[in-house]
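Visitor: what's the 3D shape of this:
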Amino acid sequence: MVNTRRNGHPNGQDTPDFEAMIANALVNVPPNLSAELTTRIIDNIRNGDDSSNGHGNSGGAPPTGMHVWIERFTKLKPLSFQSAATPTEAEDWITHMEKLFKVLGCADEFKTQLATFKLEGDALSWLKAYLLAKGENFADTCTWNTFRDIFYKQYFPFSEQQRYKREYEAIY
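Guide: Down below sits the predicted model:
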């Protein structure tokens with residue numbers, strides 16, 4: 001019998017021993033195929049790839065469905081954005097989003113949708129009004145660079161950017 005629990009987990013809970021479970025399941029598979037399958041399955045579990053449910057992708061390819069991106073994105077606990085008391089708060093939020101996109105390896109086509117998913121309150125109202133003025137198709141075709149530009153125009157105007165630039169240049 002294979003032990004499917006590990007004792008002494010750092011948070012005091014027992015966790016499944018996936019490697020032992022996989023080894024037990026692959027007992028009757030030819031040895032050369034067994035090693036390859038075991039490696040692939042363990043890598044997929046470690047990387048959070050759930051190809052077996054039809055939602056993920058095999059081979060470590062980035063996901064193509066928005067629902068998979070939303071799931072991975074929300075696991076990183078992205079900050080919401082409602083409004084900015086200062087322009088630097090807006091810049092900090094964009095920087096935060098870009099760090100998450102980099103960690104996720106997120107394709108450009110999903111970045112705007114993921115970021116706007118975290119807009120709330122005044123920022124969400126602003127976005128709705130902007131999209132209404134631009135037309136229905138704009139939301140589907142808006143790239144991350146375009147979104148970032150219109151976001152900065154709203155929350156970090158060019159005049160403020162120039163003022164900050166002058167202040168920082170005076171310091172150096």
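
Visitor: mind checking the SS state of the nearest residue to residue 94 once chain neighbours are set aside?
Guide: Excluding its sequence neighbours, the residue lying closest to residue 94 (Cβ to Cβ, 6 or more residues apart in numbering) is residue 148, at 5.9 Å. Heads up, the C-betas are built off the backbone N, CA and C, glycines and all. Secondary structure state of residue 148, per DSSP: H, G, I helix; E, B strand; the rest coil, is helix.

Visitor: What is the least confident helix or strand in this protein?
Guide: strand 5-6 (a mean of 44; mean pLDDT, DSSP states H and E).

Visitor: hang on, the residue nearest to residue 94 packs against residue 93?
Guide: No - look at residue 148 against residue 93 with Cβ atoms under 8 Å: they stay out of range, at 10.6 Å.

Visitor: And the two? Which one has more around it.
Guide: Neighbour count, other Cβ atoms under 10 Å: between residue 148 and residue 93, residue 93 has more, with 23 against 17.

Visitor: Now do the contacts for that one.
Guide: 79, 81, 84 (Cβ atoms under 8 Å, 6 or more residues apart in numbering).

Visitor: Assign a three-state SS to the last one, would you?
Guide: In this case it means residue 84. coil.

Visitor: Let me see the contact set for it.
Guide: Neighbour list for residue 84: 90, 93, 155-156 [criterion: Cβ under 8 Å, 6+ apart].

Visitor: Which members of those residues are the farthest-apart pair?
Guide: Farthest-apart pair in those is 93 and 156; separation 9.9 Å (Cβ to Cβ).

Visitor: from the contacts of residue 93, which single one is nearest residue 140?
Guide: residue 81 (21.2 Å).

Visitor: Touching, that closest one and residue 120? I think so.
Guide: Yes - under the criterion of Cβ under 8 Å, residue 81 makes contact with residue 120 at 7.0 Å.

Visitor: In terms of packing, which of these two has more residues around it?
Guide: For the pair residue 81 and residue 120, the greater number of neighbours falls to residue 81 (24 against 12), based on other Cβ under 10 Å.
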